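Visitor: The sequence and its predicted three-dimensional model are supplied below.
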Amino acid sequence: MERFKKIIAEQLAGLLHEVTEEEIGGLLEIPRDAAMGDLSFPCFTLAKQRKASPAGIARELEEGLHARGIAGSGLIKVSSQAGYVNFSLDHAAVAEAILPGILESGERYGAGEDGEGKTVVIDFSSPNIAKPFHVGHLRSTVIGSSLYRIFSHLGYRCVGINHLGDWGTQFGKLITAYLRWGNAARLEEAAIDELLGLYVRFHEEADKDPALEDEAREWFVKMERGDAEAKKLWKRFVDVSLAEFQKIYDRLGVRFDFVTGESFYNEYMDEVVRELREKRLLEEDEGAWLVRLEEYGMPPALILKKDGSSLYPTRDIAAALYRKRTFGFHKALYVTDYSQSLHFSQWFKVIERMGYGWASELVHVPFGRVSLEGEALSTRRGKVVRLEEVLDQAVSKIRGIIEEKNPELENKDEVAKQVGVGAVIFNDLRGNRIKDIDFSWKEALSFEGETGPYVQYTYARACSVLRMGTEVADVQEVNLKPGTDWDPRQLDGEAEFRMIKQLALFPEVVRQAAVKLEPSLITRYLVDTAQAFNRFYHDCPILKEEATLRLARLALVQGVRFTLKTGLGLIGLQAPERM
């Protein structure tokens, strides 16, 4: 639709002096009621500036546009209503302007060069070592992975970092627990179960014997000072945990460019402390060291504990300085739940106070927290739902549906994996990321309605139509390249026009998802597109039409196929061609 927006903006700019052509283009919108046209220009901002009625300005612009002969530019109707100037587009002209470009782009449809020469670092997933990968970890993982795909599609160089929680007092607790109650054989056989059991037992025992907390802190200090026994046990916990995490990442189709936990930045923390001291930002407070932020409406950022050990802000500041030096990022995104918003605001402000102008490039991407039956997830109490169990059940349920409805399907196991895992990812991404989620087995495993399987099934239906189209045409492959054997201007019906308009929105949706850091815009678009295609499929015969119209409609189906597959890929879902 950009071509038509540009035509309208140029024409309106010739009649207006208060706003630029670019500003006009940004104000143009698609009316909720199709009866009002295909694009609308609201006059309310102009009305405030001119101190005139929006309806009067809209009528004035309508008359001016008619006088300029805008109808000859592919626009068939200009009208004003309730303070809007409404534009109805010529169906055939829209089809000719949009569909060939989609087919030419193929699975690169919606891609751009917005990010040429720019790097985006995305810190996501970041589970804690020695704890199970549960449903709460899914949010950061799939949101971050989707943002990686979206920014890459727009031409950015993306650097995905898994900033593992592999450092901190919790490892002192684990070492204490392992030395008291651990079993090497159990650690070898069921690493995460053993470590989780030790972690839970430590807190149960510490409630009765608080001295265990002091012992744990001592072990962590030993770790930071390089104690051989402490580091050996720590590394073992890290290695067995990473092996378990990788199994989950492989199933989700998630990859990282760097897996560097908090421990990676140990050697850079002295540099941070030294720089804070040199810039007179570090203050002592009862033996601890901190940076005061009261004048910015925040509590102090604690940099060193009384025992000299580091904290999260210390390590995050060290990591940011390292990443800026190493990657020269245009933007650095941190995908975590909103409960950490204060933490990020604090150390972002510390970076700014250190004199680094690029502090404004640091962005926290918060998302809603996950609870279980209304209660917070807690590995400390063992109250978690393991993601592996959710994925297993989703795949099993899809396998049963396939056996019931399409038992002859080839590659049933692979399709079940693609659709089952896709259902879990889509379910997590379907709502605005900031919303809290109360995990429900029923909801997570529901495949009815606006779900990933529904979109994947629609994609498979489009593939089936194209296969049947090839058979009807009695050729090896239907040639759908523009200018050969199909005419886009044949697609001038109302149902076809609605479908083409929906496809035309995709590039803008991708850009908005990047600007707003909101993958759910794409999941919503995919559902809308699948629904639009199913209405088109119902209203418009394809295979029984005469040859020229049949080929034009097959070209439209091909455009739907490309768009759905690309959109699914941007949120991390596979697109099976048969279901």
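Guide: Perfect, I can see it now. Residues are numbered from 1 along each chain as shown.
Visitor: Quick check: buried residues in stretch 322-342?
Guide: 322-324, 327, 329-338 (16 or more other C-beta atoms under 10 Å). In short, each C-beta sits where N, CA and C put it, glycine included.
Visitor: what do you get for stretch 516-534?
Guide: 517-527, 529-530, 532-533.
Visitor: Can you tell me which of those residues end up in helices?
Guide: Mapping the buried residues of stretch 516-534 onto helices (DSSP state H) picks out 520, 521, 522, 523, 524, 525, 526, 527, 529, 530, 532, 533.
Visitor: The third one and residue 511 touch, don't they?
Guide: No - proximity of residue 522 to residue 511 does not meet the contact threshold set by C-beta atoms under 8 Å, at 11.0 Å.
Visitor: Report the contact partners of residue 367.
Guide: Contacts for residue 367 (C-beta atoms under 8 Å, 6 or more residues apart in numbering) come out as 139, 140, 143, 335, 336, 337, 338, 433, 434.
Visitor: Looking at the buried residues of stretch 322-342, which are in helices?
Guide: Short answer: these in helices (DSSP H) are 322, 323, 324, 327.
Visitor: Does the last one touch residue 122 like I think?
Guide: No - the pair residue 327 and residue 122 does not pass the contact test of C-beta under 8 Å, sitting 11.0 Å apart.
Visitor: joint contacts of the two?
Guide: Joint contacts of residue 327 and residue 122 (C-beta under 8 Å, 6+ apart) are residue 159.
Visitor: residue contacts, the nearest residue to residue 336 once chain neighbours are set aside?
Guide: Distance criterion C-beta to C-beta, 6 or more residues apart in numbering; nearest residue to residue 336, sequence neighbours excluded, is residue 140 at 6.1 Å. Residues near residue 140 by C-beta under 8 Å, 6+ apart: 124, 125, 126, 335, 336, 337, 367.
Visitor: ok, which stretches of the stretch 451-579 of the chain are strands?
Guide: For the stretch 451-579 of the chain, no strands are identified by DSSP state E, counting those that start in this stretch.
Visitor: no wait, the chain
Guide: Per DSSP state E, the chain carries strands over the ranges 39-42, 75-81, 84-89, 119-123, 157-162, 258-259, 282-285, 288-291, 301-304, 331-337, 362-367, 370-372, 375-376, 437-439.
Visitor: Could you chop this protein up by domain?
Guide: 2-89, 119-267+315-376, 389-570 (automatic domain parsing).
Visitor: Out of those, which is closest to residue 99?
Guide: Ranking the domains of the chain by proximity to residue 99 (C-beta to C-beta) places domain 389-570 first, at 4.9 Å.
Visitor: Residue 175: which of the contacts of residue 140 is nearest?
Guide: Closest approach to residue 175 among the contacts of residue 140 (C-beta to C-beta): residue 126, at 21.6 Å.
Visitor: burial measure for the nearest residue to that closest one once chain neighbours are set aside, as a count.
Guide: Setting aside the residues directly before and after it, residue 126 is nearest to residue 163 in space (C-beta to C-beta, 6+ apart), at 4.5 Å. Per other C-beta atoms under 10 Å, the neighbour tally for residue 163 reads 24.
Visitor: right, and residue 163 touches residue 263 too?
Guide: No - with contact defined as C-beta under 8 Å, residue 163 and residue 263 do not form a contacting pair (10.5 Å).
Visitor: what ranges of the protein fall below the confidence cut-off?
Guide: 71-73, 372-384, 444, 472-485 (pLDDT under 70).
Visitor: now the farthest one out in it, which residue is it?
Guide: Distance from the centre of the chain peaks at residue 67, with 46.1 Å (C-alpha atoms, centre = their mean).
Visitor: Look up how far residue 13 lies from that one.
Guide: Distance, residue 67 to residue 13, using C-beta to C-beta, to the nearest Å: 15 Å.
Visitor: And for residue 560?
Guide: From residue 560 to residue 13 the distance is 34 Å (C-beta to C-beta).
Visitor: Neighbour count for the two, which is higher?
Guide: Shown here are residue 560 and residue 13; by other C-beta under 10 Å, residue 560 has more neighbours (26 against 16).
Visitor: Isn't that one up against residue 531?
Guide: No - in this structure residue 560 lies outside contact range of residue 531 using C-beta under 8 Å: 11.6 Å.
Visitor: any idea where the helices of the stretch 101-250 of the chain begin and end?
Guide: 135-153, 169-181, 184-189, 191-208, 211-224, 228-252 (DSSP state H, counting those that start in this stretch).
Visitor: Buried residues in the last one, which are they?
Guide: So that's helix 228-252. Buried residues in helix 228-252 (16+ other C-beta under 10 Å): 230, 233-234, 236-238, 240-242, 244-245, 248-249, 251-252.
Visitor: Out of these, the closest to residue 57 would be?
Guide: When the buried residues of helix 228-252 are compared against residue 57 (criterion: C-beta to C-beta), the nearest one is residue 252, at 51.8 Å.
Visitor: residues contacting that closest one?
Guide: So residue 252 contacts 141, 142, 145, 421, 425, 572 (C-beta under 8 Å, 6+ apart).
Visitor: circling back: tell me which of the helices of the stretch 101-250 of the chain sits nearest to residue 388.
Guide: Nearest of the helices of the stretch 101-250 of the chain (C-beta to C-beta): helix 228-252, 6.3 Å.
Visitor: returning to that earlier point: any idea which of the helices of the stretch 101-250 of the chain is most buried?
Guide: helix 135-153 (a mean of 24; mean count of other C-beta atoms under 10 Å).
Visitor: for residue 114, what are its contacts?
Guide: With the criterion set at C-beta under 8 Å, 6+ apart, residue 114 makes contact with 154, 155, 156, 511, 514.
Visitor: Quick check: it vs residue 510, distance?
Guide: Distance from residue 114 to residue 510, by C-beta to C-beta: 10 Å.
Visitor: Need the residues touching each of these two.
Guide: By C-beta under 8 Å, 6+ apart, the residues touching both residue 114 and residue 510 are residue 154.
Visitor: Make sure residue 468 is actually in contact with residue 543.
Guide: Yes - with contact defined as C-beta under 8 Å, residue 468 counts as touching residue 543 (5.8 Å).
Visitor: So which of the helices of the stretch 101-250 of the chain is nearest residue 386?
Guide: The nearest among the helices of the stretch 101-250 of the chain, by C-beta to C-beta, is helix 135-153 at 7.8 Å.
Visitor: any idea of the angle that closest one forms with strand 331-337?
Guide: Angle, helix 135-153 to strand 331-337, by axes from the mean of the first three to the mean of the last three C-alpha atoms, to 10 degrees: 160 degrees.
Visitor: With only the CA atoms kept, save helix 135-153 in PDB.
Guide: Taking C-alpha atoms only, helix 135-153 is exported to PDB below (Å, rounded to 0.1, in the frame of the first residue of the first chain):
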ATOM      1  CA  VAL A 135       7.800 -22.500  31.200                       C
ATOM      2  CA  GLY A 136       8.900 -19.200  32.800                       C
ATOM      3  CA  HIS A 137      12.100 -19.300  30.700                       C
ATOM      4  CA  LEU A 138      10.100 -19.800  27.500                       C
ATOM      5  CA  ARG A 139       9.000 -16.100  27.300                       C
ATOM      6  CA  SER A 140      12.500 -14.600  27.200                       C
ATOM      7  CA  THR A 141      13.700 -17.300  24.800                       C
ATOM      8  CA  VAL A 142      11.000 -17.000  22.200                       C
ATOM      9  CA  ILE A 143      10.600 -13.200  22.400                       C
ATOM     10  CA  GLY A 144      14.300 -12.700  22.000                       C
ATOM     11  CA  SER A 145      14.600 -15.200  19.200                       C
ATOM     12  CA  SER A 146      11.800 -13.600  17.300                       C
ATOM     13  CA  LEU A 147      13.300 -10.100  17.700                       C
ATOM     14  CA  TYR A 148      16.500 -11.600  16.400                       C
ATOM     15  CA  ARG A 149      14.700 -12.900  13.300                       C
ATOM     16  CA  ILE A 150      12.700  -9.700  12.800                       C
ATOM     17  CA  PHE A 151      15.700  -7.400  13.000                       C
ATOM     18  CA  SER A 152      17.800  -9.700  10.700                       C
ATOM     19  CA  HIS A 153      14.900  -9.600   8.200                       C
END
